[in-house]
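Undergrad: let me see the structure of the following:
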Amino acid sequence: MAVIDEIGPGFYRISEYVPDFDLQFNHFLVNDDEPLLFHAGLKGMFPSIRDAVATVIDPSRIRWVGFSHFESDECGALNQWLEVAPAAEAVCSTVSALVSVNDFASRPTRGLADDEVFKTGKYSFRLCRTPHLPHDWDASVLFEETTKTLLCSDLFHQVGKVEPLTQSDVVGRSRATANKRFATWRSSSKRFLAASQLGLDSSPIARLAPAMPPRPPYFENGHSCWNWNAAANVKCEESRPSTLLVAARAAVKSQL
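TA: Next up is the predicted model:
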């Protein structure tokens, strides 16, 4: 059963808790002139997420379906949303669109370049490419420039039934989760170091909207092949030419 909470003006978190994994799958609805759903979600969750959306808007009004990277929890139900909402388009990084989504989706996808902005009405969303952060090489995040809300996908994941809003230390909680669940990681601090090197000094983030935890990495020659550590090692310099996305930079530095 999905639970919906308003986390800001026009921003809703739709969360489905899975006891077997002790984690939430979060989806975010932005109610604007052209409504955005960030995370299409898994196919099996589509009915409950659709019903939750229907408590705020008619699902057929959805104009944009966004996600960070091509993976089942991010866009598995994309075609179901495109069927329900005739005017809807998928929106993601250009890399994701070209490599995967255009072939997967039932109609063409809007691929955004790094730093490209699209408007839903009063809100403006800037796509920031973040290869391998939080996940695959096509990854990106969306930054809403009016409310300073970062739709950050798998970053800052936590286990359990997490409250929809908090002013507590999300970095510390996420680190504790990583240390507890993924003890095989060489250094969980590198994950947060990588996050601290991402971003937008001129655009402070007021709200984080994380989705769900990533899968555990696999290892090759002692190094993570799924790339929190790799992202830290290369310092994300290839992913953006100037500044990258800041994920609570000061808080992260205080934790390292």
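Undergrad: where do the strands sit along the stretch 101-250 of the chain?
TA: Ranges of strands in the stretch 101-250 of the chain, per DSSP state E, counting those that start in this stretch, are 110-112, 117-119, 124-129, 140-144, 149-153, 207-210, 219-220, 223-224.
Undergrad: grab the nearest non-local neighbour of the residue nearest the centre of the chain.
TA: Most central in the chain under Cα atoms, centre = their mean is S153, positioned 1.6 Å from the mean C-alpha point. With Cβ to Cβ, 6 or more residues apart in numbering as the criterion, S153 has its nearest non-adjacent residue at 3.5 Å, and that residue is S68. For glycine as for every other residue, the C-beta is placed from the backbone atoms N, C-alpha and C.
Undergrad: correct me if wrong: the one you found contacts H132.
TA: No. Using Cβ atoms under 8 Å as the test, S68 is too far from H132 to be in contact (11.3 Å).
Undergrad: can you put the strands of the stretch 101-250 of the chain in CSV and add mean pLDDT and distance to S72?
TA: Putting the strands of the stretch 101-250 of the chain into CSV (pLDDT from 0 to 100; distance: least, Cβ to Cβ, whole Å) gives the following:
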stretch, mean pLDDT, distance to S72
strand 110-112, 98, 20
strand 117-119, 97, 25
strand 124-129, 96, 21
strand 140-144, 95, 17
strand 149-153, 93, 14
strand 207-210, 64, 18
strand 219-220, 34, 23
strand 223-224, 32, 21
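Undergrad: what's the closest of those strands to N179?
TA: N179 lies closest to strand 223-224 among the strands of the stretch 101-250 of the chain, at 15.0 Å (Cβ to Cβ).
Undergrad: still on that earlier bit, need the strands of the stretch 101-250 of the chain in a markdown table (columns: distance to Y12).
TA: As requested, the strands of the stretch 101-250 of the chain are exported to a markdown table (distance: least, Cβ to Cβ, whole Å):
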| stretch | distance to Y12 |
| --- | --- |
| strand 110-112 | 22 |
| strand 117-119 | 19 |
| strand 124-129 | 15 |
| strand 140-144 | 13 |
| strand 149-153 | 12 |
| strand 207-210 | 10 |
| strand 219-220 | 38 |
| strand 223-224 | 34 |
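Undergrad: which stretch among the ones you listed comes nearest E83?
TA: E83 sits nearest to strand 110-112 of all the strands of the stretch 101-250 of the chain, at 17.7 Å, using Cβ to Cβ.
Undergrad: packing partners of that closest one?
TA: Packing partners of strand 110-112 (3 or more Cβ pairs under 8 Å, 6 or more residues apart in numbering; DSSP states H and E): strand 89-93, helix 94-96.
Undergrad: mind listing what's buried along stretch 138-155?
TA: 138-144, 147, 149-155 (16 or more other Cβ atoms under 10 Å).
Undergrad: out of these, which comes closest to L37?
TA: For those, the closest approach to L37 (Cβ to Cβ) belongs to L151, at 10.7 Å.
Undergrad: now do the contacts for the closest one.
TA: Applying Cβ atoms under 8 Å, 6 or more residues apart in numbering to L151 gives the contacts 28, 38, 66, 68, 125, 141-144, 209.
Undergrad: of the buried residues of stretch 138-155, which pair is most distant in space?
TA: The most widely separated members of the buried residues of stretch 138-155, counting by Cβ to Cβ, are D138 and T147 (25.7 Å).
Undergrad: thanks again, I'm all set now.
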